[in-house]
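sequence below, structure please.
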Amino acid sequence: MRLHPVFQRQIDSIVRGDLDALLDNYAPDATLVRFDLVAQGIDEVREMMRGYLTTNPEVVELTSYAEGGDTIFYRATMKLNGQPRDAFGTLVLRDGKIWRQTAGFAA
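Coordinates of the predicted model:
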C-alpha cells in the first residue's frame, strides 16, 4: 500500500519517538482534536504529542487507509503502554503539513 509521504513521516516519527520530527509535520496553526483534548497551534500540539509519546506508542498494524485530495483517513491497531488499542483519525493537509487532525482510540 502506498502511503502519503506526510502520513509515512508521521508513522516513522511516532515509531522512533522523535518529537521534533513529529512536530515538523504540523503547520504552525495546526489544530489537533481528540475526545479529551483540543490542541490549537504548534505549542499546544507539542505538549499533546509530548504526553502521547510517554505512552510508548507502537504501530502494530495499519488496518484501513484512504486518502482523497488533501484528506487522509486511517484506522490502526496500536499499542499504548503495551496495551493494544484500536486507533482512528483524519489528517487534513495544507502546503504539505498537517493543518487539522482528529485522533481517537476505541475503548
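
going forward, measure contacts and count neighbours with C-alpha atoms only.
Noted.

strands of the protein, start to end?
Counting by DSSP state E, the chain has strands at residues 26-33, 38-40, 58-68, 71-80, 83-94, 97-105.

I'd like the ones you listed laid out as a markdown table, including distance to P5.
As requested, those are exported to a markdown table (distance: least, CA to CA, whole Å):
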| stretch | distance to P5 |
| --- | --- |
| strand 26-33 | 13 |
| strand 38-40 | 23 |
| strand 58-68 | 12 |
| strand 71-80 | 11 |
| strand 83-94 | 11 |
| strand 97-105 | 10 |
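
now the ones you listed in TSV, with distance to R2, mean pLDDT and mean neighbour count?
What follows is those, written out as TSV (distance: least, CA to CA, whole Å; pLDDT from 0 to 100; neighbours: other CA atoms under 10 Å):
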stretch	distance to R2	mean pLDDT	mean neighbour count
strand 26-33	21	98	20
strand 38-40	29	98	16
strand 58-68	10	96	14
strand 71-80	12	97	18
strand 83-94	16	97	18
strand 97-105	18	97	19
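
nearest to I11, out of the ones you listed?
strand 58-68 (7.6 Å; CA to CA).

for S13, find the nearest of the strands of the chain.
Of those, nearest to S13 by CA to CA is strand 58-68, at 10.8 Å.

partners of the closest one, with directions?
Looking at strand 58-68 with DSSP bridges, its partner strands are strand 71-80 (antiparallel).

center of the protein - which residue?
Q10 (6.2 Å; CA atoms, centre = their mean).

can you say which of the strands of the chain is nearest to M1?
strand 58-68 (8.8 Å).

and E67, what does it touch?
By CA atoms under 8 Å, 6 or more residues apart in numbering, the contact list for E67 reads 4, 73.

re earlier: look up how far D86 lies from the residue lying closest to the residue nearest to the centre of the chain once chain neighbours are set aside.
Excluding its sequence neighbours, the residue lying closest to Q10 (CA to CA, 6 or more residues apart in numbering) is L22, at 6.0 Å. For L22, the distance to D86 (CA to CA, to the nearest Å) stands at 21 Å.
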